[in-house]
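S.K.: here you go, sequence then predicted model.
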Amino acid sequence: MNYANRREKIYQPLREQGIFSWDCLYGQEYALASPRELLRCDRQELAYATERLGTIFTKMIAAVQQGNDVLLRELGIPSQMFGAVRLPMMRAIPTLIGRFDFARTAEGLKMLGGKHGRVEARLTTRNPHRTVRA
């Protein structure tokens, strides 16, 4: 089965049931369809990295919301979005839809982001739950 058919087989029933309707956002594929089994240590490492980056993300919200227009422009936020960026949010729910994309490296997971998937942040996980195999 090709990727497009596999993707449709996974997400169509979820869309029909109203369970998960945002597998594509703004004409871009958001949820991928290449499932694979993860080892427990890999899942723990992903959870650890996601939690750490989520903490940083949450702390940065207040700084960005209080930032001046120059800061927002430097961050690449379109001026039409400045008002939305400054809307108060509940600290416990910093985003409604979001994800971190990671790449495996010899040093651990690295977060990918920005245009063209270039590395924007380096978080060496060095998670104590992860055993690196030689």
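M.R.: Perfect, thanks for sending it.
S.K.: for the closest residue to residue 101 other than its chain neighbours, give the beta-bridge partners.
M.R.: Setting aside the residues directly before and after it, residue 101 is nearest to residue 112 in space (C-beta to C-beta, 6 or more residues apart in numbering), at 4.4 Å. C-beta coordinates here come from the backbone N, C-alpha and C atoms, glycine included. For residue 112, the beta-bridge partners under DSSP bridges are residue 101, residue 119.
S.K.: wait, residue 86 touches residue 68, no?
M.R.: No - applying C-beta atoms under 8 Å, one finds residue 86 not in contact with residue 68, separated by 10.8 Å.
S.K.: those two - which one has more neighbours?
M.R.: Neighbours per residue, other C-beta atoms under 10 Å: of residue 86 and residue 68, the larger number sits with residue 86, 13 against 9.
S.K.: would you map the strands across this structure?
M.R.: Using DSSP state E, the strands of the chain run over 24-25, 28-29, 101-105, 108-112, 119-121.
S.K.: for the fourth one, packing partners?
M.R.: If contacts are counted by 3 or more C-beta pairs under 8 Å, 6 or more residues apart in numbering; DSSP states H and E, strand 108-112 sits against helix 40-66, strand 101-105, strand 119-121.
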